[in-house]
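Enquirer: Here is a sequence together with a model predicted from it:
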Amino acid sequence: MNTLKKTIATAAAVFSAVCLMACGGSSTSSTAASEDVWSGSWQDSTGQRATMDITAADSGYDVVITWSSSSTEATVWTLSAESTDDSTLSYTGKCATNEYGSDGTVSAETVVYEDGSGTLTLSDGVITVTGDDELASCTFEKVE
């Protein structure tokens, strides 16, 4: 089961990198701290159907959360986040439902909203999402 989780997390990280490039995000940073506790792949603590990939960017972090509802559809949140203190990131961004073709590329995207906002709070190795959308109260643990 751990191998399956790692495979899914790796696939999600690749997908997130592609999504960040397509959305104009950045995967490098000159301002990220050397002790970056945020960057990396995270797994939904409860249902384990969602993944979150956080990448240091020029002015904070790029965050992509993917909730797979089937092999051909996923809800994807593309967020920009900035640190407000050592344990909190404040984010804004959009949510879209993506449909995938048999080759794994996005065949259709339906934007659900573009004005989402909230916070990611890190405590005891767990990120809790607080916000005005369906992400509120989701928790994520880092994938090792």
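Expert: Sure thing, it's come through.

Enquirer: What strands line up against the longest strand anywhere in the chain, and which way round?
Expert: Under DSSP state E, the strand in the chain containing the largest number of residues is strand 106-123. Taking DSSP bridges as the criterion, strand 106-123 forms sheet pairs with strand 88-100 (antiparallel), strand 126-131 (antiparallel).

Enquirer: Parallel or antiparallel, which strands does the helix or strand following the shortest one pair with?
Expert: Right, strand 126-131. Following strand 126-131 in sequence order, the next helix or strand is strand 139-142 (DSSP states H and E). Its sheet considered, strand 139-142 pairs with strand 40-44 (antiparallel), strand 126-131 (antiparallel) by DSSP bridges.

Enquirer: How about residues contacting the last one?
Expert: To tie it back to what came earlier, the one meant is strand 126-131. 42, 45, 52, 91, 116-121, 135-141 (CB atoms under 8 Å, 6 or more residues apart in numbering). In this view, the C-beta of every residue, glycine as well, is placed from N, C-alpha and C.

Enquirer: Apply 7 Å and report the result again.
Expert: Residues from elsewhere that reach strand 126-131 (CB atoms under 7 Å, 6 or more residues apart in numbering): 42, 45, 116-121, 135-141.

Enquirer: cool, and stretch 108-120?
Expert: Stretch 108-120 is contacted from outside by 77, 81, 88-99, 127, 129-133, 135-136, using CB under 7 Å, 6+ apart.

Enquirer: Could I have the buried ones of those as PyMOL selection syntax?
Expert: Here is the PyMOL command that selects the buried residues among these (16 or more other CB atoms under 10 Å):
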select buried, resi 77+81+88+89+90+91+93+94+95+96+98+127+129+131+135
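
Enquirer: circling back to that earlier point, can you put the strands paired with strand 106-123 in TSV and add distance to Ser107 and mean pLDDT?
Expert: Listed next are the strands paired with strand 106-123 as TSV, based on distance: least, CB to CB, whole Å; pLDDT from 0 to 100:
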stretch	distance to Ser107	mean pLDDT
strand 88-100	5	94
strand 126-131	28	93
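
Enquirer: any chance of the ones you listed in TSV, with distance to Asp62 too?
Expert: Below are the strands paired with strand 106-123 laid out as TSV (distance: least, CB to CB, whole Å):
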stretch	distance to Asp62
strand 88-100	9
strand 126-131	15
